[in-house]
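Trainee: Model the structure of this input:
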Amino acid sequence: QVELIESGGGLVQAGGSLRLSCAASGFHFGASNMAWFRQAPGKEREFVAIIDWSGETTDYAGSVKGRFTISRDNAKNLVYLQMNSLTPEDTAVYYCAAGRGWTPSTLRSYNFWGQGTQVTVSS
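Mentor: From the prediction side, this is the model:
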């Protein structure tokens, strides 16, 4: 059974930091590209960051580049999203996703999705 379980969300003040984690099981994590997406109320789900299976290649949405860092631990089947300098515009439900292709912003290129974790940034 495939599972992607996100954790680490919460309420933080603007300028603060959070680190999200995603625990994966039930599929070949070490061969999968892993990504984070987010969805704010009333908006479409949007790409945030992706990391390739080896951890050597990453890509970010322009809105988070320089503030967010994606990383992974293949030995523990974990992927992380370190979020710094948070703004209220970062408020959303954050989702972890797994796939084999490299079309970062295309939702249908991901095979598995987590249930999401809420991040709320107060001004």
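Trainee: Which parts of this protein are helices?
Mentor: Per DSSP state H, the chain has no helices. Nothing in it meets that criterion.
Trainee: Need the residue closest to the centroid of this structure.
Mentor: Trp36 (2.2 Å; Cα atoms, centre = their mean).
Trainee: and the closest residue to it other than its chain neighbours, what does it touch?
Mentor: The spatial neighbour of Trp36 that comes closest, neighbours along the chain excluded (Cβ to Cβ, 6 or more residues apart in numbering), is Val48 at 4.3 Å. C-betas here are computed from N, CA, C, even on glycine. Each residue near Val48 by Cβ atoms under 8 Å, 6 or more residues apart in numbering is listed here: 35-38, 60-61, 64, 68, 81, 94.
Trainee: Next step: those restricted to strands.
Mentor: Cross-referencing these against strands under DSSP state E gives 35-38, 60, 68, 81, 94.
Trainee: Please indicate which of those residues are buried?
Mentor: Taking 16 or more other Cβ atoms under 10 Å as the criterion, what is buried in the ones in strands among the contacts of Val48 is 35-38, 60, 68, 81, 94.
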